[in-house]
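Asker: What shape does this take:
(one chain, ligands or ions: 3)
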Amino acid sequence: MSTVNNSNMNIVIRIQIDKMLITFSDIAKEIGEMGGDIVGIDVISSSKTHTIRDITINVNDQKHSHLMTEKMKDLEGVHVVSVSDRTFLLHIGGKIEVQSKNPIKNRDDLSRVYTPGVAKVCTAISEEPSKAFSLTIKRNTVAVVSDGTAVLGLGDIGPLAAMPVMEGKAMLFKQMGEVDAFPICLDTKDTEEIIQIVKSIAPAFGGINLEDISSPRCFEIEKRLKEELDIPVFHDDQHGTAVVILAGLINALKLTEKKLSEIKVVLTGIGAAGTACAKILLGAGVKNIIGVDINGAIHRREKYRNPSWTEFAKLTNPDNETGSLSDVIEGADVFIGVSAPGLLTVEHLKKMARDPIVFAMANPDPEIDPELAEPYVRVMATGRSDYPNQINNVLCFPGIFRGALDCRARIINEEMKIAAAQAIASVVTDDELNESYIIPSVFNKKVVERVREAVIKAAYKTEVARKDPLIIDSRLSK
Ligand SMILES: NC(=O)C1=CN([C@@H]2O[C@H](COP(=O)(O)OP(=O)(O)OC[C@H]3O[C@@H](n4cnc5c(N)ncnc54)[C@H](O)[C@@H]3O)[C@@H](O)[C@H]2O)C=CC1
Ligand SMILES: CC(=O)C(=O)O
Ligand SMILES: [Mg+2]
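Answerer: Ligands and ions are numbered 1, 2, ... in the order given. Take a look at the predicted model:
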């Protein structure tokens with residue numbers, strides 16, 4: 001596949017220009033001739049003889065960036081001071097910080113927020129632990145916990161390398177849902193140890209968002225934590241993803257005028273996301289799902305070492321189809337990929353039923369390049385923000401936790417997830433719905449509002465909410 005990663009990246013080249021030797025318009029012309037698109041110019045300093053400028057250039061890829069830099073270096077009168085990728089610039093020093101709600105202006109403030117005043121607040125919580133929800137950050141704070149074993153589609157890159165993703169999730173929690181989230185990357189892959197650590201840190205949090213923990217360990221970790229903690233534990237890659245897939249599918253099927261109960265779905269990658277996706281789709285009425293992992297279709301004639309595949313085989317593939325993706329894609333109405341880049345080909349698309357729906361959601365590179373797929377599909381979606389129809393769990397986790405925290409839910413159950421999916425789908429009105437808009441934008445404020453509302457309603461209906469409904473604030477709030 002022609003990889004889509006890094007396409008259209010922005011770089012910032014800082015150059016010192018000798019005014020006697022070259023003009024800026026000459027430099028801009030050179031950049032344009034090399035296919036670079038100048039999207040920003042900043043003057044950093046200027047003297048009679050020299051200027052230093054930052055030129056932000058949209059380039060095709062890393063190679064293009066390199067050629068552009070070399071060209072600048074060759075120009076007489078130009079000295080390249082530095083070249084930065086804007087993505088890296090955004091990560092310098094990390095992406096989040098802790099801020100106090102009130103400044104400590106004097107001794108009196110100090111004695112209230114800290115000792116001695118704080119002692120009576122501690123005592124109050126010790127006498128009535130539920131007060132931790134009103135007197136500490138617990139009520140609005142979620143731990144984003146990863147062990148770095150399944151980071152996006154990058155695999156087991158370890159806890160340090162997982163941090164940028166977890167910081168990103170924390171940013172999204174805050175901006176979209178006004179939830180305070182902490183990235184916590186653990187230097188252990190031991191299931192039991194992860195469970196014990198999360199249990200030990202739980203007092204500070206109102207919810208636990210598990211992230212990018214590889215399967216099948218993620219299933220046991222989530223199950224045990226759900227049983228042993230009294231706050232919501234939600235493995236985002238499983239349930240956040242599944243919720244958004246269902247939302248996207250509800251809307252895409254309106255376009256192809258097919259029913260959930262009639263479609264054949266081929267799902268690649270029966271790991272965390274794939275397993276949960278199958279469960280939510282089965283719950284929503286899909287009858288024919290065929291899972292494909294590295295050894296082909298998952299079926300009941302095979303004995304699997306992975307217990308989650310044995311379970312998966314029982315629930316799916318009603319006709320017990322066997323073979324590779326090429327075999328089982330025949331006649332499929334929907335392809336959902338939560339697996340690896342480039343495994344879906346145009347030849348596969350040609351074998352699908354009329355009006356194929358393709359959700360190629362592996363990150364950062366999807367199962368097929370959207371541009372390659374476009375002519376052969378009716379609806380195309382990816383997990384990325386730079387193509388239409390971004391099916392990404394960011395549409396779910398801020399709103400679902402906002403709702404769960406606001407009604408102080410003990411758990412996030414199936415009813416709350418289905419309600420969240422329907423809420424996301426409902427943001428796209430029938431008038432707006434089209435092939436390039438089956439799912440609302442991540443920036444659409446209605447998403448979190450509707451998900452929150454629907455989740456709270458479902459939590460009360462299923463009796464998992466612990467807060468008096470009369471004191472729930474109707475607005476998005478802490
Ligand atoms: N768009 C979104 O919101 C989300 C996208 N994803 C993406 O889905 C992918 C999987 O994520 P997880 O389920 O968390 O990982 P995981 O590690 O739990 O599961 C991945 C599964 O894909 C299988 N796989 C790998 N190569 C394959 C191939 N060539 N053919 C068939 N199966 C293959 C693996 O054996 C494994 O079972 C990643 O690329 C991730 O970025 C995951 C969660 C959310
Ligand atoms: C989006 C996300 O959570 C993932 O790709 O793992
Ligand atoms: Mg993830």
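Asker: List the residues that contact the residue nearest to residue 48 when sequence neighbours are not counted.
Answerer: Leaving aside its sequence neighbours, residue 48 sits nearest to residue 19 (C-beta to C-beta, 6 or more residues apart in numbering; 7.7 Å). (C-beta placed from N, C-alpha, C; glycine too.) By C-beta atoms under 8 Å, 6 or more residues apart in numbering, the residues touching residue 19 are 48, 49, 50, 51, 77.
Asker: And the pLDDT at residue 19?
Answerer: The per-residue pLDDT reported for residue 19 equals 95.
Asker: follow-up on the earlier one: got the contacts of residue 19 as TSV, with secondary structure columns?
Answerer: TSV is the format used below for the contacts of residue 19 (DSSP: H, G, I helix; E, B strand; the rest coil):
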residue	secondary structure
48	coil
49	coil
50	strand
51	strand
77	coil
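Asker: now, which of the residues you listed sits nearest residue 259?
Answerer: Here the nearest of those to residue 259, counting by C-beta to C-beta, is residue 51; it sits at 64.2 Å.
Asker: The residue lying closest to the closest one once chain neighbours are set aside: what secondary structure?
Answerer: Counting by C-beta to C-beta, 6+ apart, residue 17 is the residue found nearest to residue 51 once chain neighbours are left out, at 5.0 Å. Here residue 17 is recorded as strand under three-state DSSP.
Asker: how many neighbours does residue 17 have?
Answerer: 21 (other C-beta atoms under 10 Å).
Asker: Tell me who's in contact with it.
Answerer: Applying C-beta under 8 Å, 6+ apart, we find residue 17 in contact with 24, 27, 50, 51, 52, 53, 77, 78.
Asker: Compare those and tell me which is most surrounded.
Answerer: Of the contacts of residue 17, with other C-beta under 10 Å as the count, residue 27 tops at 21 neighbours.
Asker: got the contact list for that one?
Answerer: Residue 27 touches 15, 17, 55, 72, 75, 78, counting by C-beta under 8 Å, 6+ apart.
Asker: does any part of stretch 226-234 sit near ligand 3?
Answerer: No - for stretch 226-234 and ligand 3, the contact criterion (C-beta under 5 Å from the ion) is not met; the two come no nearer than 11.9 Å.
Asker: Looking at that stretch now, give me its mean pLDDT.
Answerer: Averaged over stretch 226-234, pLDDT sits at 98.
Asker: What of stretch 92-105?
Answerer: Stretch 92-105 shows a mean pLDDT of 96.
Asker: could you dump that stretch to PDB, C-alpha only?
Answerer: Extracted as PDB, the C-alpha positions of stretch 92-105 are listed here (Å, rounded to 0.1, in the frame of the first residue of the first chain):
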ATOM      1  CA  ILE A  92       8.200  19.700  23.500                       C
ATOM      2  CA  GLY A  93       7.900  19.400  27.300                       C
ATOM      3  CA  GLY A  94       4.800  17.300  27.000                       C
ATOM      4  CA  LYS A  95       1.200  18.400  26.200                       C
ATOM      5  CA  ILE A  96      -0.500  18.900  29.500                       C
ATOM      6  CA  GLU A  97       0.200  20.400  32.900                       C
ATOM      7  CA  VAL A  98      -1.500  20.600  36.300                       C
ATOM      8  CA  GLN A  99      -3.000  23.900  37.400                       C
ATOM      9  CA  SER A 100      -4.400  25.100  40.700                       C
ATOM     10  CA  LYS A 101      -8.000  26.300  40.800                       C
ATOM     11  CA  ASN A 102      -7.100  29.000  43.300                       C
ATOM     12  CA  PRO A 103      -3.800  30.800  43.900                       C
ATOM     13  CA  ILE A 104      -2.300  30.800  47.400                       C
ATOM     14  CA  LYS A 105      -2.000  34.500  48.000                       C
END
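Asker: what's it in contact with?
Answerer: For stretch 92-105, contacts defined as C-beta under 8 Å, 6+ apart pick out 109, 110, 113, 163, 164, 167, 168, 170, 171, 174, 183.
Asker: Go through it and flag the buried ones.
Answerer: Neighbour-count burial for stretch 92-105 flags residue 96 (criterion: 16 or more other C-beta atoms under 10 Å).
Asker: picking that back up, tell me which of the contacts of residue 19 is nearest to residue 311?
Answerer: Checking those against residue 311 by C-beta to C-beta gives residue 51 as the nearest, at 65.5 Å.
Asker: who's in contact with that closest one?
Answerer: For residue 51, the contacting residues are 16, 17, 19, 24, 43, 45, by C-beta under 8 Å, 6+ apart.
Asker: Is it possible to get JSON lines of the residues you listed that adds distance to residue 313?
Answerer: Formatted as JSON lines, those follow (distance: C-beta to C-beta, whole Å):
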{"residue": "16", "distance to residue 313": "64"}
{"residue": "17", "distance to residue 313": "66"}
{"residue": "19", "distance to residue 313": "72"}
{"residue": "24", "distance to residue 313": "64"}
{"residue": "43", "distance to residue 313": "64"}
{"residue": "45", "distance to residue 313": "66"}
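Asker: Check the residues you listed and tell me the two furthest apart.
Answerer: Across the contacts of residue 51, no pair lies farther apart than 24 and 45, at 14.1 Å, counting by C-beta to C-beta.
Asker: Pick the one among the contacts of residue 51 closest to ligand 2.
Answerer: Taking C-beta to the nearest ligand atom as the measure, ligand 2 lies nearest residue 43 of those, at 38.3 Å.
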